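Asks: Quick one, fold the following:
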Amino acid sequence: MRFTDLLSMAFYNLWRRKLRTSLTVLAVVIGATLVALMVSIGSGLQSFIVGQFGEIVPQDAVIVSSIKDVFQRQDNSPHEITSTNLTASNPFTYDDFQKIRAIPGVVQVDYNVSVSARYIQPQDSSKMYSVSVNAAPVYQAELRKLVVGTDITADDVTGQCVLAYDYLKAFGWSDAESALGKQVSITVGKLNPYSTATQAYQFTVVGVLDKTMNGSDVFISLPDGKEMARFYQDNPLLYSEQQPGYALYLRAESISQVDSIAQAVKDLNFSAITPAELLAQINSVFSVIQIGLSAFGVIALIVAAIGIINTLLMAIHERTREIGIMKAVGATRGTIRIVFTVEGGALGFLGGIIGTLLALGLGQLLNFIGSRTFLSDFPGFKMSVFPVWLVFGVTALTTFISLVAGLYPANNAAKLDPVDALRYE
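Replies: The predicted model follows:
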(Lines give C-alpha, C1' and ligand atoms only; values in the text may rest on other atoms or scores of the structure.)
Protein backbone atom coordinates (compact mmCIF):
# COMPACT_ATOMS: atom_id res chain seq x y z
CA MET A 1 0.00 0.00 0.00
CA ARG A 2 1.39 3.39 -0.99
CA PHE A 3 2.08 6.00 1.67
CA THR A 4 -0.34 8.43 0.05
CA ASP A 5 -3.07 5.78 0.29
CA LEU A 6 -2.26 5.30 3.98
CA LEU A 7 -2.52 9.02 4.63
CA SER A 8 -5.78 9.27 2.71
CA MET A 9 -7.25 6.35 4.65
CA ALA A 10 -6.02 7.74 7.99
CA PHE A 11 -7.61 11.16 7.51
CA TYR A 12 -10.81 9.59 6.18
CA ASN A 13 -11.13 7.31 9.23
CA LEU A 14 -10.44 10.18 11.60
CA TRP A 15 -13.03 12.35 9.87
CA ARG A 16 -15.68 9.69 10.48
CA ARG A 17 -15.63 10.57 14.19
CA LYS A 18 -15.35 14.36 13.99
CA LEU A 19 -16.06 15.25 17.62
CA ARG A 20 -13.74 12.63 19.13
CA THR A 21 -11.00 13.47 16.66
CA SER A 22 -11.40 17.20 17.30
CA LEU A 23 -11.13 16.79 21.07
CA THR A 24 -8.04 14.60 20.75
CA VAL A 25 -6.41 17.05 18.36
CA LEU A 26 -7.30 19.88 20.75
CA ALA A 27 -5.26 18.21 23.50
CA VAL A 28 -2.28 18.03 21.13
CA VAL A 29 -2.85 21.66 20.10
CA ILE A 30 -2.62 22.80 23.73
CA GLY A 31 0.67 20.99 24.25
CA ALA A 32 2.13 22.16 20.94
CA THR A 33 1.07 25.76 21.64
CA LEU A 34 2.72 25.71 25.06
CA VAL A 35 5.96 24.24 23.73
CA ALA A 36 6.18 26.65 20.78
CA LEU A 37 5.17 29.72 22.77
CA MET A 38 7.55 29.01 25.66
CA VAL A 39 10.47 28.38 23.31
CA SER A 40 9.67 31.54 21.34
CA ILE A 41 9.62 33.60 24.56
CA GLY A 42 12.95 32.07 25.56
CA SER A 43 14.32 32.91 22.11
CA GLY A 44 13.07 36.48 22.47
CA LEU A 45 14.83 36.92 25.81
CA GLN A 46 17.97 35.30 24.43
CA SER A 47 17.95 37.56 21.38
CA PHE A 48 17.61 40.64 23.58
CA ILE A 49 20.42 39.64 25.97
CA VAL A 50 22.72 38.69 23.09
CA GLY A 51 21.96 42.02 21.45
CA GLN A 52 22.86 43.85 24.66
CA PHE A 53 26.04 41.77 24.86
CA GLY A 54 26.92 42.77 21.32
CA GLU A 55 26.86 46.44 22.35
CA ILE A 56 29.36 45.82 25.17
CA VAL A 57 32.03 43.46 23.87
CA PRO A 58 33.59 43.88 20.39
CA GLN A 59 34.07 40.72 18.37
CA ASP A 60 37.77 41.48 17.84
CA ALA A 61 38.58 41.77 21.56
CA VAL A 62 40.03 39.36 24.11
CA ILE A 63 39.41 39.88 27.82
CA VAL A 64 42.48 38.95 29.87
CA SER A 65 42.75 38.45 33.63
CA SER A 66 45.77 37.91 35.85
CA ILE A 67 43.65 35.61 38.04
CA LYS A 68 44.18 32.11 36.73
CA ASP A 69 41.03 30.32 35.54
CA VAL A 70 38.78 33.17 36.69
CA PHE A 71 36.58 32.71 33.62
CA GLN A 72 36.36 28.94 34.02
CA ARG A 73 34.87 28.87 37.53
CA GLN A 74 31.14 28.62 37.04
CA ASP A 75 29.97 28.03 40.61
CA ASN A 76 30.64 29.09 44.17
CA SER A 77 31.30 25.61 45.53
CA PRO A 78 34.49 25.04 47.56
CA HIS A 79 37.58 24.48 45.43
CA GLU A 80 41.16 23.85 46.39
CA ILE A 81 43.55 26.80 46.31
CA THR A 82 47.13 25.94 45.39
CA SER A 83 50.27 28.04 45.48
CA THR A 84 49.89 28.53 41.73
CA ASN A 85 46.46 30.06 42.26
CA LEU A 86 47.82 32.44 44.86
CA THR A 87 50.66 33.53 42.61
CA ALA A 88 48.34 34.15 39.66
CA SER A 89 45.99 36.26 41.82
CA ASN A 90 48.48 39.13 41.82
CA PRO A 91 47.86 42.03 39.43
CA PHE A 92 49.75 42.31 36.17
CA THR A 93 53.31 43.60 36.36
CA TYR A 94 55.22 45.76 33.90
CA ASP A 95 56.87 42.64 32.44
CA ASP A 96 53.50 40.91 32.10
CA PHE A 97 52.14 43.94 30.25
CA GLN A 98 55.06 43.96 27.82
CA LYS A 99 54.75 40.21 27.12
CA ILE A 100 51.03 40.51 26.41
CA ARG A 101 51.49 43.53 24.18
CA ALA A 102 54.13 41.62 22.21
CA ILE A 103 51.73 38.77 21.30
CA PRO A 104 51.41 38.55 17.48
CA GLY A 105 48.14 40.03 16.23
CA VAL A 106 47.57 42.36 19.21
CA VAL A 107 47.22 45.93 17.95
CA GLN A 108 45.93 47.61 21.10
CA VAL A 109 46.04 46.93 24.85
CA ASP A 110 43.67 48.83 27.14
CA TYR A 111 43.22 48.76 30.88
CA ASN A 112 39.96 47.49 32.29
CA VAL A 113 39.31 50.64 34.29
CA SER A 114 37.00 50.17 37.27
CA VAL A 115 35.41 53.43 38.44
CA SER A 116 33.54 53.70 41.73
CA ALA A 117 31.52 56.92 41.96
CA ARG A 118 29.18 58.04 44.72
CA TYR A 119 26.60 60.02 42.78
CA ILE A 120 25.82 62.19 39.77
CA GLN A 121 24.17 65.62 39.72
CA PRO A 122 22.72 67.56 36.79
CA GLN A 123 23.73 71.18 36.34
CA ASP A 124 22.07 73.75 38.58
CA SER A 125 20.65 71.07 40.88
CA SER A 126 21.51 69.86 44.37
CA LYS A 127 19.76 66.52 43.86
CA MET A 128 21.97 63.42 43.80
CA TYR A 129 21.36 60.27 41.78
CA SER A 130 22.95 56.83 41.70
CA VAL A 131 25.40 56.24 38.89
CA SER A 132 27.35 53.45 37.22
CA VAL A 133 30.41 54.92 35.53
CA ASN A 134 32.00 53.03 32.65
CA ALA A 135 35.26 53.92 30.93
CA ALA A 136 35.93 52.09 27.68
CA PRO A 137 38.13 52.50 24.58
CA VAL A 138 36.60 54.14 21.53
CA TYR A 139 36.41 50.95 19.45
CA GLN A 140 34.22 49.46 22.16
CA ALA A 141 32.16 52.62 22.57
CA GLU A 142 31.34 52.61 18.85
CA LEU A 143 29.11 49.56 19.40
CA ARG A 144 26.65 51.47 21.56
CA LYS A 145 23.35 52.67 20.10
CA LEU A 146 22.54 56.32 20.67
CA VAL A 147 19.20 58.08 20.58
CA VAL A 148 20.87 61.38 19.80
CA GLY A 149 24.33 62.93 19.68
CA THR A 150 27.69 61.25 19.21
CA ASP A 151 29.82 58.94 21.27
CA ILE A 152 33.25 59.85 22.58
CA THR A 153 35.28 60.01 19.38
CA ALA A 154 38.88 59.61 20.59
CA ASP A 155 40.70 57.84 23.41
CA ASP A 156 42.36 61.06 24.58
CA VAL A 157 39.14 63.08 24.87
CA THR A 158 38.32 64.35 28.36
CA GLY A 159 35.33 66.06 29.96
CA GLN A 160 32.69 64.36 27.81
CA CYS A 161 30.10 61.74 28.71
CA VAL A 162 27.24 59.72 27.28
CA LEU A 163 24.18 59.34 29.51
CA ALA A 164 21.71 56.50 29.88
CA TYR A 165 18.24 57.34 28.57
CA ASP A 166 16.63 57.01 32.02
CA TYR A 167 18.48 60.06 33.31
CA LEU A 168 16.36 62.34 31.10
CA LYS A 169 13.29 61.72 33.24
CA ALA A 170 15.27 61.72 36.50
CA PHE A 171 16.90 65.07 35.69
CA GLY A 172 13.65 66.57 34.42
CA TRP A 173 14.99 67.17 30.93
CA SER A 174 12.25 67.36 28.32
CA ASP A 175 13.86 65.23 25.60
CA ALA A 176 17.13 63.72 24.44
CA GLU A 177 18.05 66.67 22.22
CA SER A 178 17.77 69.08 25.14
CA ALA A 179 20.38 67.04 27.06
CA LEU A 180 23.15 67.71 24.56
CA GLY A 181 25.63 70.30 25.79
CA LYS A 182 24.40 70.25 29.37
CA GLN A 183 26.74 69.72 32.30
CA VAL A 184 26.70 66.93 34.87
CA SER A 185 28.89 66.45 37.92
CA ILE A 186 30.10 63.03 39.10
CA THR A 187 31.46 62.84 42.63
CA VAL A 188 34.03 60.28 43.68
CA GLY A 189 35.06 59.45 47.25
CA LYS A 190 37.96 57.48 48.66
CA LEU A 191 38.37 53.72 49.01
CA ASN A 192 39.67 54.34 52.54
CA PRO A 193 36.51 54.52 54.69
CA TYR A 194 38.27 56.85 57.16
CA SER A 195 38.84 59.47 54.48
CA THR A 196 36.05 61.98 53.86
CA ALA A 197 37.74 63.57 50.86
CA THR A 198 35.70 63.77 47.65
CA GLN A 199 36.31 65.10 44.16
CA ALA A 200 33.69 66.32 41.70
CA TYR A 201 34.37 65.83 37.99
CA GLN A 202 32.53 67.93 35.42
CA PHE A 203 31.31 66.47 32.11
CA THR A 204 29.51 67.77 29.07
CA VAL A 205 26.78 65.50 27.70
CA VAL A 206 27.55 64.65 24.06
CA GLY A 207 25.15 61.74 23.57
CA VAL A 208 22.20 59.86 25.02
CA LEU A 209 22.10 56.07 24.97
CA ASP A 210 19.24 54.04 23.61
CA LYS A 211 17.15 52.34 26.31
CA THR A 212 19.10 49.48 27.94
CA MET A 213 18.68 47.20 30.95
CA ASN A 214 20.96 49.37 33.10
CA GLY A 215 19.38 52.78 33.33
CA SER A 216 22.16 54.35 35.44
CA ASP A 217 25.03 53.97 32.97
CA VAL A 218 27.30 56.93 32.25
CA PHE A 219 30.14 56.37 29.77
CA ILE A 220 33.31 58.43 29.89
CA SER A 221 36.70 58.26 28.20
CA LEU A 222 39.59 56.14 29.46
CA PRO A 223 41.69 59.14 30.63
CA ASP A 224 38.80 60.44 32.74
CA GLY A 225 38.17 56.97 34.10
CA LYS A 226 41.81 56.53 35.07
CA GLU A 227 41.88 59.88 36.87
CA MET A 228 38.73 59.07 38.86
CA ALA A 229 39.96 55.57 39.73
CA ARG A 230 43.35 56.89 40.83
CA PHE A 231 41.68 59.39 43.15
CA TYR A 232 39.38 56.70 44.56
CA GLN A 233 42.24 54.32 45.34
CA ASP A 234 44.71 57.14 46.13
CA ASN A 235 47.21 55.64 43.71
CA PRO A 236 48.64 57.91 40.95
CA LEU A 237 50.30 54.96 39.17
CA LEU A 238 47.13 52.87 38.85
CA TYR A 239 46.27 51.83 35.26
CA SER A 240 49.72 52.52 33.89
CA GLU A 241 52.35 50.15 32.50
CA GLN A 242 53.83 49.95 36.00
CA GLN A 243 50.47 48.96 37.55
CA PRO A 244 48.16 47.65 34.82
CA GLY A 245 45.62 46.20 37.24
CA TYR A 246 43.95 42.77 37.18
CA ALA A 247 42.30 42.83 33.75
CA LEU A 248 43.10 44.01 30.24
CA TYR A 249 41.30 44.33 26.92
CA LEU A 250 43.27 43.18 23.89
CA ARG A 251 42.21 44.28 20.43
CA ALA A 252 43.11 41.86 17.66
CA GLU A 253 44.22 42.91 14.20
CA SER A 254 41.37 40.77 12.83
CA ILE A 255 38.59 38.60 14.25
CA SER A 256 40.32 35.51 12.83
CA GLN A 257 43.25 36.08 15.22
CA VAL A 258 41.16 36.28 18.39
CA ASP A 259 41.42 32.57 19.24
CA SER A 260 45.18 32.41 18.68
CA ILE A 261 45.71 35.49 20.86
CA ALA A 262 43.59 33.97 23.63
CA GLN A 263 45.66 30.78 23.47
CA ALA A 264 48.91 32.78 23.59
CA VAL A 265 47.66 34.54 26.73
CA LYS A 266 46.84 31.18 28.33
CA ASP A 267 50.33 29.96 27.44
CA LEU A 268 51.63 32.85 29.57
CA ASN A 269 49.66 31.33 32.47
CA PHE A 270 46.92 33.97 32.49
CA SER A 271 43.18 33.65 31.91
CA ALA A 272 41.59 34.76 28.64
CA ILE A 273 38.10 34.62 27.22
CA THR A 274 36.81 35.59 23.80
CA PRO A 275 33.43 37.10 22.86
CA ALA A 276 32.48 33.79 21.22
CA GLU A 277 33.13 31.92 24.49
CA LEU A 278 31.12 34.46 26.47
CA LEU A 279 28.29 34.15 23.96
CA ALA A 280 28.42 30.36 24.21
CA GLN A 281 28.03 30.62 27.99
CA ILE A 282 25.02 32.92 27.58
CA ASN A 283 23.43 30.58 25.04
CA SER A 284 24.00 27.55 27.28
CA VAL A 285 22.14 29.28 30.10
CA PHE A 286 19.22 30.08 27.84
CA SER A 287 19.17 26.52 26.52
CA VAL A 288 18.50 25.35 30.07
CA ILE A 289 15.84 28.05 30.49
CA GLN A 290 14.10 27.00 27.26
CA ILE A 291 14.10 23.36 28.32
CA GLY A 292 12.51 24.36 31.62
CA LEU A 293 9.88 26.49 29.90
CA SER A 294 9.13 23.74 27.37
CA ALA A 295 8.60 21.17 30.12
CA PHE A 296 5.05 22.44 30.70
CA GLY A 297 4.20 21.84 27.05
CA VAL A 298 5.83 18.42 27.02
CA ILE A 299 3.72 17.38 30.02
CA ALA A 300 0.62 18.51 28.12
CA LEU A 301 1.76 16.49 25.11
CA ILE A 302 2.16 13.38 27.27
CA VAL A 303 -1.42 13.85 28.46
CA ALA A 304 -2.46 14.29 24.82
CA ALA A 305 -0.64 11.04 23.95
CA ILE A 306 -2.80 9.22 26.49
CA GLY A 307 -5.84 10.70 24.75
CA ILE A 308 -4.55 9.46 21.40
CA ILE A 309 -4.16 5.94 22.80
CA ASN A 310 -7.74 6.08 24.08
CA THR A 311 -9.04 7.40 20.76
CA LEU A 312 -7.36 4.66 18.76
CA LEU A 313 -8.47 1.92 21.16
CA MET A 314 -12.05 3.14 20.76
CA ALA A 315 -11.57 3.18 16.98
CA ILE A 316 -10.32 -0.41 17.03
CA HIS A 317 -13.29 -1.43 19.15
CA GLU A 318 -15.71 0.18 16.68
CA ARG A 319 -13.93 -1.12 13.56
CA THR A 320 -13.26 -4.72 14.65
CA ARG A 321 -15.31 -6.20 11.79
CA GLU A 322 -13.62 -3.82 9.35
CA ILE A 323 -10.22 -5.07 10.51
CA GLY A 324 -11.44 -8.66 10.04
CA ILE A 325 -12.51 -7.89 6.47
CA MET A 326 -9.15 -6.27 5.73
CA LYS A 327 -7.35 -9.37 6.96
CA ALA A 328 -9.73 -11.63 5.04
CA VAL A 329 -8.86 -9.91 1.76
CA GLY A 330 -5.12 -10.20 2.37
CA ALA A 331 -4.04 -7.40 4.71
CA THR A 332 -1.10 -8.48 6.85
CA ARG A 333 -0.46 -7.68 10.48
CA GLY A 334 2.12 -5.17 9.36
CA THR A 335 -0.43 -3.39 7.15
CA ILE A 336 -2.97 -3.15 9.98
CA ARG A 337 -0.27 -1.93 12.36
CA ILE A 338 0.84 0.74 9.91
CA VAL A 339 -2.74 1.93 9.26
CA PHE A 340 -3.46 2.67 12.93
CA THR A 341 0.02 4.02 13.63
CA VAL A 342 -0.39 6.49 10.77
CA GLU A 343 -3.77 7.53 12.20
CA GLY A 344 -2.05 8.32 15.50
CA GLY A 345 0.66 10.27 13.69
CA ALA A 346 -1.98 12.20 11.75
CA LEU A 347 -3.55 13.36 15.01
CA GLY A 348 -0.18 14.65 16.19
CA PHE A 349 0.60 16.25 12.84
CA LEU A 350 -2.69 18.16 12.76
CA GLY A 351 -2.31 19.22 16.39
CA GLY A 352 1.28 20.32 15.82
CA ILE A 353 0.46 22.46 12.78
CA ILE A 354 -2.52 24.13 14.44
CA GLY A 355 -0.70 24.57 17.76
CA THR A 356 2.35 26.13 16.11
CA LEU A 357 0.24 28.59 14.12
CA LEU A 358 -1.72 29.45 17.28
CA ALA A 359 1.52 30.00 19.21
CA LEU A 360 2.81 32.21 16.39
CA GLY A 361 -0.34 34.32 16.58
CA LEU A 362 -0.17 34.56 20.38
CA GLY A 363 3.50 35.52 20.16
CA GLN A 364 2.73 38.33 17.74
CA LEU A 365 -0.07 39.49 20.04
CA LEU A 366 2.36 39.55 22.98
CA ASN A 367 4.82 41.60 20.93
CA PHE A 368 2.06 44.02 19.88
CA ILE A 369 0.76 44.50 23.43
CA GLY A 370 4.25 44.67 24.93
CA SER A 371 5.53 47.25 22.45
CA ARG A 372 2.67 49.57 23.45
CA THR A 373 2.74 48.96 27.19
CA PHE A 374 5.41 47.44 29.44
CA LEU A 375 8.05 47.14 26.68
CA SER A 376 7.49 50.55 25.12
CA ASP A 377 10.89 51.75 26.42
CA PHE A 378 12.65 48.87 24.62
CA PRO A 379 11.69 49.32 20.95
CA GLY A 380 14.13 46.64 19.79
CA PHE A 381 12.90 43.98 22.20
CA LYS A 382 10.47 41.37 20.92
CA MET A 383 9.11 39.23 23.71
CA SER A 384 8.43 36.35 21.33
CA VAL A 385 10.80 35.42 18.51
CA PHE A 386 9.81 32.55 16.23
CA PRO A 387 12.81 30.93 14.53
CA VAL A 388 11.97 28.99 11.36
CA TRP A 389 13.14 25.69 12.85
CA LEU A 390 10.56 25.99 15.62
CA VAL A 391 7.63 25.52 13.24
CA PHE A 392 9.05 22.29 11.86
CA GLY A 393 10.52 21.17 15.19
CA VAL A 394 7.29 21.35 17.19
CA THR A 395 5.30 19.67 14.41
CA ALA A 396 7.89 16.90 14.20
CA LEU A 397 7.81 16.50 18.00
CA THR A 398 4.01 16.18 18.19
CA THR A 399 3.97 13.79 15.24
CA PHE A 400 6.67 11.61 16.78
CA ILE A 401 4.94 11.47 20.19
CA SER A 402 1.66 10.60 18.47
CA LEU A 403 3.29 7.87 16.40
CA VAL A 404 4.75 6.35 19.54
CA ALA A 405 1.38 6.62 21.28
CA GLY A 406 -0.26 4.85 18.35
CA LEU A 407 2.03 1.83 18.52
CA TYR A 408 0.18 0.10 21.38
CA PRO A 409 -3.34 0.35 19.85
CA ALA A 410 -1.95 -0.52 16.40
CA ASN A 411 -0.27 -3.62 17.79
CA ASN A 412 -3.54 -4.66 19.44
CA ALA A 413 -5.37 -4.25 16.13
CA ALA A 414 -2.73 -6.29 14.28
CA LYS A 415 -3.14 -9.17 16.74
CA LEU A 416 -6.89 -9.54 16.19
CA ASP A 417 -7.91 -12.95 14.84
CA PRO A 418 -9.70 -12.43 11.48
CA VAL A 419 -12.37 -15.08 12.22
CA ASP A 420 -13.21 -13.60 15.63
CA ALA A 421 -13.15 -10.12 14.17
CA LEU A 422 -15.66 -11.06 11.44
CA ARG A 423 -17.99 -12.56 14.06
CA TYR A 424 -17.75 -9.43 16.24
CA GLU A 425 -21.02 -7.50 16.65
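
Asks: Is residue 109 in a helix, a strand, or coil?
Replies: At residue 109 the chain is in strand, as set by DSSP: H, G, I helix; E, B strand; the rest coil.

Asks: Just list whatever residues bridge to it.
Replies: residue 250 (DSSP bridges).

Asks: Hmm, it is touching residue 250, no?
Replies: Yes. Here residue 109 reaches residue 250: they are 5.8 Å apart, a contact under Cβ atoms under 8 Å. C-beta: built from backbone N, CA, C; applies to glycine.

Asks: Now for these two: what residues contact both?
Replies: By Cβ atoms under 8 Å, 6 or more residues apart in numbering, residue 109 and residue 250 have these common neighbours: residue 100.

Asks: Of the two, give the one with the bigger neighbour count.
Replies: Applying other Cβ atoms under 10 Å to residue 109 and residue 250 shows that residue 250 carries more neighbours, namely 24 against 19.

Asks: Below-threshold pLDDT in this structure: ranges please.
Replies: Scanning the chain for pLDDT under 70 picks out 1-7, 9-11, 13, 50-56, 68-89, 213, 374-380, 417-425.

Asks: what ranges do the strands span in it?
Replies: Using DSSP state E, the strands of the chain run over residues 61-65, 106-111, 119-122, 132-135, 146-149, 160-163, 183-188, 199-209, 217-220, 247-252, 271-273.

Asks: Which strands or helices does the last one pack on?
Replies: When you say that, I think you mean strand 271-273. Using 3 or more Cβ pairs under 8 Å, 6 or more residues apart in numbering; DSSP states H and E, the elements in contact with strand 271-273 are strand 61-65, helix 258-267.

Asks: Residue 252 contacts residue 106, correct?
Replies: Yes. If you go by Cβ under 8 Å, residue 252 and residue 106 touch, sitting 6.7 Å apart.

Asks: So for the two, which sits in the more crowded spot?
Replies: Neighbours were counted for residue 252 and for residue 106 using other Cβ under 10 Å; residue 252 has more, 24 against 20.

Asks: do you know how far the more buried one is from residue 274?
Replies: Applying Cβ to Cβ, to the nearest Å, the value for residue 252 to residue 274 is 9 Å.

Asks: Find residues that contact each of residue 252 and residue 106.
Replies: residue 261.

Asks: if I look at residue 389, how far off is residue 300?
Replies: 21 Å.

Asks: before we move on, what about residue 45?
Replies: For residue 45, the distance to residue 300 - Cβ to Cβ - is 22 Å.

Asks: try residue 135
Replies: On the measure of Cβ to Cβ, residue 135 and residue 300 end up 50 Å apart.

Asks: swap in residue 214?
Replies: To residue 300, residue 214 is 37 Å away according to Cβ to Cβ.

Asks: Can you pull up the most central residue in the protein?
Replies: residue 46 (2.0 Å; Cα atoms, centre = their mean).

Asks: correct me, but that one touches residue 283?
Replies: Yes. Assessed by Cβ under 8 Å, residue 46 is found in contact with residue 283 at 6.9 Å.

Asks: before we move on, the earlier item: okay if I get the strands of the chain as TSV plus distance to residue 234?
Replies: Listed next are the strands of the chain as TSV, based on distance: least, Cβ to Cβ, whole Å:
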stretch	distance to residue 234
strand 61-65	24
strand 106-111	17
strand 119-122	20
strand 132-135	18
strand 146-149	34
strand 160-163	24
strand 183-188	11
strand 199-209	11
strand 217-220	20
strand 247-252	20
strand 271-273	28
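
Asks: Residue ranges of each domain in this protein, please.
Replies: Under the assignment automatic domain parsing, the domains of the chain span 3-53+282-423, 61-273.

Asks: what's the most buried one of those domains?
Replies: The highest average neighbour count among the domains of the chain, using mean count of other Cβ atoms under 10 Å, belongs to domain 3-53+282-423 at a mean of 18.

Asks: you'd agree residue 265 is up against residue 103?
Replies: Yes. Between residue 265 and residue 103 there is a contact under Cβ under 8 Å: 6.9 Å.

Asks: Look up the residues that both of those two are in contact with.
Replies: Among the neighbours of residue 265, those also in contact with residue 103 (Cβ under 8 Å, 6+ apart) are residue 250.

Asks: wait, residue 341 sits on residue 408?
Replies: No. Between residue 341 and residue 408 there is no contact under Cβ under 8 Å: 9.9 Å.
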